Every structure is written in C-alpha cells, then in structure tokens.
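Enquirer: sequence first, then the predicted structure, then my questions.
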Amino acid sequence: MSQNSYSSQRKCSCGLVVKTLISSTTSNPGRRFFRCPHPDFSSCGYWEWEDQVFPEVAYLRNLESSLKDVKMEMDNSKIEVENLKIEMDNLKIVVENLKIKVGHLSETIATLEANNDLVVEKVRTFQDKYHKIKYKDLFILHFGVVMEGHMH
C-alpha cells in the first residue's frame, strides 16, 4: 500500500487526522482507504474504505497493467527461447567437432599401438640376437679355455 495524503475531513479515535492510502493488493488495486496515522502497535485501529463500491476504472487499469506484464513476460520468454535455440545449435556444432577430434584421436591411438607392437617385436628380435651372441661368446670362451687346457 502506498501513502497518498492526509485527509482533512476524517479523524480517527485518537483524534488525529487519518491517512488516505491506496491499496496495492490484487483484490482491491487502486482502491483508497483511511487509517489511523499511528504505527500498528499504537494505532487505535481505525480503518475504512473511502468508497464502498470498488472503482471499475481502477479494476480496468489493473487488468491493463497485468496484461502488459503478461505480454512483456511472453516477449521475454520468446527471446529466451530463441537464445536457447541458438545456444543449442552452437552446442551441436561443439559436439560434432568433438566427435571428429575423438575419431582423430582413435586413429592416432591405433597408429601408436601398431608402432608400439613393431617396437616390441624389434626389441624381442634384438634380445634374441643378443642372447645368441652372448651364449656363443660364452661357449667360445669356455670351449676355448677347455681346448687350451688340452693343448698343453
């Protein structure tokens, strides 16, 4: 409720000039009323509508204002929906780009695994050759020592 003015015609039970206020409730929008000017805790409780009939003009103004609010909310909702559609389209593009990157990464992983298998095979071959040479050298060394012992 908003304060409008003091009424010079009416007085409350306290003997004070009452406040004239305007209702901002949805059930009585724009309707004027009088009340004691004291705060609620010290008020005499005087309260009365200025008119006994709800003013049609205030009702129509309230409906018009409500209609404008609803239209504004609809317009804002339409803008929000359009923004969400744009954001969704952008996210679809991001997802497609990520799918492409995942495909490339999968290919890279497959290539690295194949290369790793080749390296592992080369290492095994090298190890086999190394062990053959090592055993051959040990055999020759051992056999050579044994042979030298027989020669003397």
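Expert: Yep, it's here. Numbers count the residues shown, from 1 in each chain.
Enquirer: where does this protein have low pLDDT?
Expert: 1-8, 52-55, 57-58, 144-152 (pLDDT under 70).
Enquirer: can you pull out the helices in it?
Expert: For the chain, the helices defined by DSSP state H occupy 56-151.
Enquirer: bridged to Thr20, which residues?
Expert: Ser5, Phe34 (DSSP bridges).
Enquirer: how many neighbouring residues does Lys101 have?
Expert: For Lys101, the count of nearby residues is 10 (other CB atoms under 10 Å). The way it works is simple: take the backbone N, C-alpha and C, and place the C-beta from them, glycine included.
Enquirer: which ones are touching it?
Expert: Applying CB atoms under 8 Å, 6 or more residues apart in numbering to Lys101 gives no contacts.
Enquirer: next one: Glu48
Expert: With CB under 8 Å, 6+ apart, Glu48 has these contacts: 10, 33-35.
Enquirer: thought Lys19 was touching His38?
Expert: No. Lys19 is beyond contact range of His38, at 9.7 Å (criterion: CB atoms under 8 Å).
Enquirer: of those two, who's got more company?
Expert: The neighbour comparison of Lys19 against His38 (other CB under 10 Å) goes to Lys19, with 20 against 15.
Enquirer: may I have the phi/psi pair for the residue lying closest to that one once chain neighbours are set aside?
Expert: Sequence neighbours aside, Pro37 is the residue nearest to Lys19 in space, at 5.0 Å (criterion: CB to CB, 6 or more residues apart in numbering). Backbone torsions of Pro37, given as degrees, to the nearest 10, read phi -80, psi -10.
Enquirer: gap between Pro37 and Gly30?
Expert: 21 Å (CB to CB, to the nearest Å).
Enquirer: do Leu67 as well
Expert: Taking CB to CB, one finds Leu67 at 15 Å from Gly30.
Enquirer: more crowded one of those two?
Expert: Gly30 (17 against 10).
Enquirer: that one touches Asp51, doesn't it?
Expert: No. Taking contacts as CB under 8 Å, Gly30 lies outside contact range of Asp51: 10.9 Å.
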